[in-house]
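**Q** here are the coordinates; sequence isn't available:
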């Protein structure tokens, strides 16, 4: 009621919003953080927030809405499930286009009508039939890569398993050559940096824009090839939408294809790597995956809830907006911490505990509403396939978290292991020799 009166007063008066005595959330540095838990930062430059779940849990209980200074801006941080869901349900009030920069056609940073138009094009290309067509390849590649790690007694998960699997899969799905693996991987990493920089109006870096432009040129050339070949791949469908139907422009086709490619492997890479964290923390999971035919499906959903790689969605208010008992002024930047919402104890019993037997399907790990992840079926296919192989092939997974695990650093959008070196004890001891040469 109080906030509604404030909003009405604000609309009727010429007085600036800031001069009206409206309660605002506390700043991170003003909070009385417990010993051993440093104030939450927007930019995790040193990786100290690699596992930010203790921060999230404390914030949900003590400051479910807070602010962090970012240059001249205040960024609002929202951590409770109900508050995050309320904002996600109002895409007109909490818009995805957080800057006026329209340099890239990345649909996660778009609003309707452009978002709906481009999403429909991608959805038409990214059909269940297309995803199902790569299931055999996913199983074959995953089995080979895992067997090679088993034969070596373990190894570095990201470079030996997660990235090769996801990059091979998305290359086949989109229609790009698999043999360009290393160059494409570099381009994707730099294009992601470039996109993130534009999204927050940050100054330029050394090579990210140059690499992004080279990647777009590479993708454009292959779109033309796929069109000429009449390819049924995702890339071929996007090429036809551009060259035959005219429903999207050349720029949109190129950048949409690049976006699908990057989104199709970066987040899945981190999810796969994170699965090994739970296999060590919960040794009985391997037995569950071995004996229960439905366990792989539940494992994937609980993993996405607990360790989903996308930790937050950024929105900008289009007018004064109520959130968590506060009134955010028009054009406020809001970080909706979906990884925190996915562990909220008010929704999930023992939300910080991995429980393969719970129904975790109502998580936000694959987005929500009009911004639901189009690639979710592919991510589920990859992780479910691997989960079955874990049960069939692995007896134990171990690593030293202080020595073998390094988390991603940066702006906390994508979270997960950057590197993770594990030791593997196979279910079949005779597998301790390289199977695939």
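**A** On my side now, so go ahead. Quick caveat: nothing in here was measured; it's all calculated off a predicted structure.
**Q** how near is the nearest residue to residue 90 once chain neighbours are set aside to residue 99?
**A** Excluding the flanking residues, the one nearest residue 90 by Cβ to Cβ, 6 or more residues apart in numbering is residue 321, at 7.8 Å. For glycine as for every other residue, the C-beta is placed from the backbone atoms N, C-alpha and C. Using Cβ to Cβ, to the nearest Å, we find residue 321 at a distance of 18 Å from residue 99.
**Q** right, and residue 186 touches residue 211 too?
**A** Yes - shown here, residue 186 and residue 211 form a contact pair, counting by Cβ atoms under 8 Å, at 6.9 Å.
**Q** follow-up on the earlier one: tell me the pLDDT of the residue nearest to residue 90.
**A** On the pLDDT scale, residue 321 is placed at 97.
**Q** and if you look at residue 69?
**A** 90.
**Q** and it, what does it touch?
**A** Taking Cβ atoms under 8 Å, 6 or more residues apart in numbering as the criterion, residue 69 is in contact with 27, 29, 75.
**Q** so which of residue 321 and residue 99 has more stuff around it?
**A** Using other Cβ atoms under 10 Å as the criterion, residue 321 and residue 99 rank with residue 321 on top: 23 against 14.
**Q** can you give me the distance of residue 425 to residue 398?
**A** Residue 425 sits 8 Å away from residue 398 when distances are taken as Cβ to Cβ.
**Q** before we move on, the earlier item: quick one, which of residue 186 and residue 211 is more surrounded?
**A** Legend: neighbour count by other Cβ under 10 Å for residue 186 and residue 211, higher for residue 211 (20 against 14).
**Q** name the residue closest to the centre of the protein, please.
**A** Taking Cα atoms, centre = their mean as the criterion, residue 310 is the residue nearest the geometric centre of the chain, at 2.9 Å.
**Q** model confidence for that residue, exactly?
**A** 93.
**Q** let's have the chain start at 27 instead
**A** Sure thing, new numbering starts at 27, so read that last one as residue 336.
**Q** tell me which residues in the helix of greatest length in the chain are buried?
**A** In the chain, taking DSSP state H as the definition, the longest helix is helix 276-307. By neighbour count on 16 or more other Cβ atoms under 10 Å, the buried set for helix 276-307 is 278-306.
**Q** and the very next helix or strand once past that helix, what does it pack onto?
**A** Under the assignment DSSP states H and E, the closest C-terminal helix or strand after helix 276-307 is helix 311-317. Helix 311-317 sits against helix 276-307, helix 321-333, helix 402-419, strand 420-424, with contacts defined as 3 or more Cβ pairs under 8 Å, 6 or more residues apart in numbering; DSSP states H and E.
**Q** can you pull the buried residues of helix 311-317?
**A** For helix 311-317, the neighbour count (16+ other Cβ under 10 Å) marks 311, 312, 314, 315, 316 as buried.
**Q** cool, stretch 397-411 as well?
**A** Neighbour-count burial for stretch 397-411, counted by 16+ other Cβ under 10 Å, picks out 397, 399-401, 403-411.
**Q** circling back: tell me how far the residue nearest to the centre of the chain lies from residue 355.
**A** Residue 336 is 27 Å from residue 355, where distance means Cβ to Cβ.
**Q** ok, now residue 71?
**A** Computed as Cβ to Cβ, the residue 71 to residue 355 distance reads 29 Å.
**Q** of the two, who's got more company?
**A** Neighbour comparison, residue 71 and residue 355: the larger count goes to residue 355, with 17 against 10 (by other Cβ under 10 Å).
**Q** partners of residue 354 in the sheet?
**A** Residue 354 has the following beta-bridge partners by DSSP bridges: residue 347.
**Q** pretty sure it sits against residue 344.
**A** No - in this structure, residue 354 is not within contact of residue 344 by Cβ under 8 Å, at 10.8 Å.
**Q** okay, the two: which has more neighbours?
**A** Neighbours were counted for residue 354 and for residue 344 using other Cβ under 10 Å; residue 354 has more, 28 against 17.
**Q** list the contacts for that one?
**A** Contacts of residue 354 by Cβ under 8 Å, 6+ apart are 102, 343, 346, 347, 348, 360.
**Q** among the contacts of residue 95, which ones are buried?
**A** residue 101.
**Q** so which of the contacts of residue 95 are in helices?
**A** Assigned to helices by DSSP H, none of the contacts of residue 95 qualify.
**Q** what is the nearest of the contacts of residue 95 to residue 218?
**A** Using Cβ to Cβ, residue 101 comes nearest to residue 218 of those, at 20.3 Å.
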